[in-house]
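S.K.: turn this into a structure:
(one chain, ligands or ions: 2)
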Amino acid sequence: MNSFSYRDRQLYAENVRLADIAQQLGTPCYVYSRAALEDRFQAFADALKGRDHLVCYAVKANSNLAVLNLLARLGSGFDIVSGGELERVLAAGGDPAKVVFSGVGKTRDEMHRALAAGIYCFNVESEAELEVLNEIAGELGKPAPVALRVNPDVDPATHPYIATGLKQSKFGIDIAQAMTAFERARSLPHLRVTGIACHIGSQLTDLAPVVEALDRVLGLANTLLDKGFTLQHLDLGGGLGIRYNEEQPPSPDAYIRAILDRLASKGGHGRKLRLVFEPGRAIVGNTGLLLTRVLYLKHGSEKNFAVVDAAMNDLLRPALYEAWHDITPVAVDAPRKMLKYDVVGPVCESGDFLGHDRELGIEAGDLLAVVSAGAYGAVMSSNYNTRPRAPEVMVDGDRFQVVRRRETVAELFASESILPK
Ligand SMILES: Cc1ncc(COP(=O)(O)O)c(C=O)c1O
Ligand SMILES: N[C@@H](CCCC[NH3+])C(=O)O
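M.R.: Ligands and ions are numbered 1, 2, ... in the order given. Down below sits the predicted model:
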């Protein structure tokens, strides 16, 4: 479900015409829907009602302060992967006591700041990291809560660049070595082992790998509980997919239900653990789109090109993963001739495309929406080709607010310097 709809041949975000946003702010421009965002978070919260749980929204998916602030107001926790993300969460009014800190390469400074801020848990990904965290906690005189992120070696059936739970991946502690790491963690004086975590990958559309990972991690959790580890929570990470094209991912409700059912039938003592989830894409993915305008149509002997003003620097997913995003005209007054186009940007790379072979009836000057761009869109944008980053807008009912203004070109090189004569 999202809050973008067609009425009178216009595409609306809630009750605002996208054409009006483009008119006022120019393009390219990211547009988010508050109603859709709140609805997606609530889907997780509702599915977990009555169960001790914490939904820690994965900040990396979309870290705009307005997005974080709306989620914080709904009671969301946050999954962070850097000190920068922690500062964003705090600036947006997030509760540090609901923050989990993931990532294979936390620095000493980042650990220090997170521990001082009082985060809920460090999801530790190696024995070496345990030793450093123990030192920092000793220096601060404050025990560090840790979960070990185990790598359950499950194939998540997703794009190889976003699979994280296979043995050959850099993420997590090999499940075969996890017991030793847990024993080590327990022996370190400044650490408190409070949980066990896993995350097998992103854009998961099939429940079988999720349940398989759950079984493996639960098996380990039960052994740990039998050995007297005082685990309090089980963090199953994020990864639930969304519909971009033909995919049919389970709803948050079906996903959570599958996990709760499995816990009830096979959970052992593990069934009593508090459940933590780290969804990113499933919350924001379909709550945002990228508006872009057609600059030129170009008809080659083999291909037709629609050159638009958004590019791979604005939305990297097609170039990086050959990801498919629906591209749809926004305000079309007169019927247009339908043709197959490659929708491409102005960046000097052949990989700079937003979509290949799209059947579109368009003319120069038309506005297009690249949909399902709320997750891993603006956050992965860059200034390549010295292109200012696009503004971001939050639609709230019949109003909209700029939640990040367009960068100016001068800002892009303001921090650079040239050598003296
Ligand atoms: C540890 C961790 N948690 C949560 C997420 C969020 O993933 P998604 O946006 O697929 O829900 C990721 C990214 O895949 C991750 O690496
Ligand atoms: N950036 C990826 C998802 C990465 C998940 C991060 N752990 C995407 O756009 O699909």
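S.K.: around ligand 1, which positions in this protein sit nearby?
M.R.: Residues of the chain lying close to ligand 1 (Cβ under 6 Å from any ligand atom) are 58, 61, 79, 102, 164, 199, 202, 237-240, 278-282, 375. Where C-beta positions appear, they are placed from N, C-alpha and C, glycine not excepted.
S.K.: residue boundaries of the helices in the stretch 51-200 of the chain?
M.R.: Using DSSP state H, counting those that start in this stretch, the helices assigned to the stretch 51-200 of the chain run over residues 65-73, 83-91, 108-117, 127-140, 178-187.
S.K.: okay, and Thr311 sits in which element?
M.R.: You called it Thr, but residue 311 is Ala. Assigned by DSSP states H and E, Ala311 belongs to no helix or strand.
S.K.: count the neighbours of it for me.
M.R.: 27 (other Cβ atoms under 10 Å).
S.K.: so what does it have for phi and psi?
M.R.: Per-residue torsions, Ala311: phi -140, psi -180 (degrees, to the nearest 10).
S.K.: now the element after whichever helix in the chain runs longest, going C-ward?
M.R.: Counting residues, the longest helix in the chain under DSSP state H turns out to be helix 207-226. Sequence order places strand 233-235 as the next helix or strand after helix 207-226, per DSSP H and E.
S.K.: touching that next one from outside, list them.
M.R.: With Cβ atoms under 8 Å, 6 or more residues apart in numbering as the test, strand 233-235 has contacts from 54, 56, 100, 121, 123, 147, 149, 194-198, 217-218, 221, 270, 273-278.
S.K.: of those residues, keep whichever come out buried.
M.R.: Among these, the ones that count as buried by 16 or more other Cβ atoms under 10 Å are 54, 56, 100, 121, 123, 147, 149, 194-198, 217-218, 221, 270, 273, 275-278.
S.K.: which of those residues fall in strands?
M.R.: Counted as lying in strands by DSSP state E, out of those, are 54, 56, 100, 121, 123, 147, 149, 194-197, 275-277.
S.K.: contact partners for Thr386?
M.R.: By Cβ under 8 Å, 6+ apart, Thr386 lies in contact with 409, 412-413.
S.K.: give me that answer again for 10 Å
M.R.: Thr386 makes contact with 313, 409, 412-413, according to Cβ atoms under 10 Å, 6 or more residues apart in numbering.
S.K.: ditto for Cys198
M.R.: 123, 147-152, 154, 164-165, 171-173, 175, 178, 210, 213-214, 216-217, 220, 234-237, 239.
S.K.: and if you look at Asp366?
M.R.: 292-294, 297, 306, 308, 329-333, 336, 360.
S.K.: please repeat the previous calculation with a cut-off of 7 Å.
M.R.: Counting by Cβ atoms under 7 Å, 6 or more residues apart in numbering, Asp366 makes contact with 294, 329, 332.
S.K.: kindly report the same for Asn286.
M.R.: By Cβ under 7 Å, 6+ apart, the neighbours of Asn286 are 2, 36, 242, 372, 374.
S.K.: test my guess that the fourth one contacts Val284.
M.R.: This points to Ser372. No - judged on Cβ atoms under 7 Å, Ser372 makes no contact with Val284 at a distance of 10.0 Å.
S.K.: more neighbours: which of those two?
M.R.: Set Ser372 next to Val284 and count neighbours by other Cβ under 10 Å: Val284 wins out with 29 against 24.
S.K.: and the one helix or strand the more buried one maps to, which residues are buried?
M.R.: Element membership for Val284, per DSSP H and E: helix 281-284. By 16+ other Cβ under 10 Å, the buried positions in helix 281-284 come out as 281-284.
S.K.: same thing with stretch 31-39?
M.R.: For stretch 31-39, the neighbour count (16+ other Cβ under 10 Å) marks 31-38 as buried.
S.K.: now flag whichever of those residues is closest to ligand 2.
M.R.: Tyr32 (16.3 Å; Cβ to the nearest ligand atom).
S.K.: re the thing from before, list the helices and strands the longest helix of the chain packs on?
M.R.: Identification of packing neighbours for helix 207-226 by 3 or more Cβ pairs under 7 Å, 6 or more residues apart in numbering; DSSP states H and E yields strand 191-197, helix 252-266.
S.K.: switch the cut-off to 8 Å
M.R.: When contacts are defined as 3 or more Cβ pairs under 8 Å, 6 or more residues apart in numbering; DSSP states H and E, helix 207-226 packs onto helix 178-187, strand 191-197, strand 233-235, helix 252-266.
S.K.: between those, which one is nearest to Asp109?
M.R.: Nearest to Asp109 among the helices and strands packed on helix 207-226 is strand 191-197 (18.6 Å), distances taken as Cβ to Cβ.
S.K.: so who does the residue nearest to Glu212 when sequence neighbours are not counted touch?
M.R.: Leaving aside its sequence neighbours, Glu212 sits nearest to Val154 (Cβ to Cβ, 6 or more residues apart in numbering; 5.0 Å). Shown in contact with Val154 (Cβ under 8 Å, 6+ apart): 165-166, 200, 209, 212-213, 216.
S.K.: how about the residues of the stretch 51-200 of the chain by ligand 2?
M.R.: 60, 162.
S.K.: from the stretch 51-200 of the chain, which residue is nearest to ligand 1?
M.R.: The minimum distance from the stretch 51-200 of the chain to ligand 1, using Cβ to the nearest ligand atom, falls at Ala58 (3.4 Å).
S.K.: with that, I have no additional questions.
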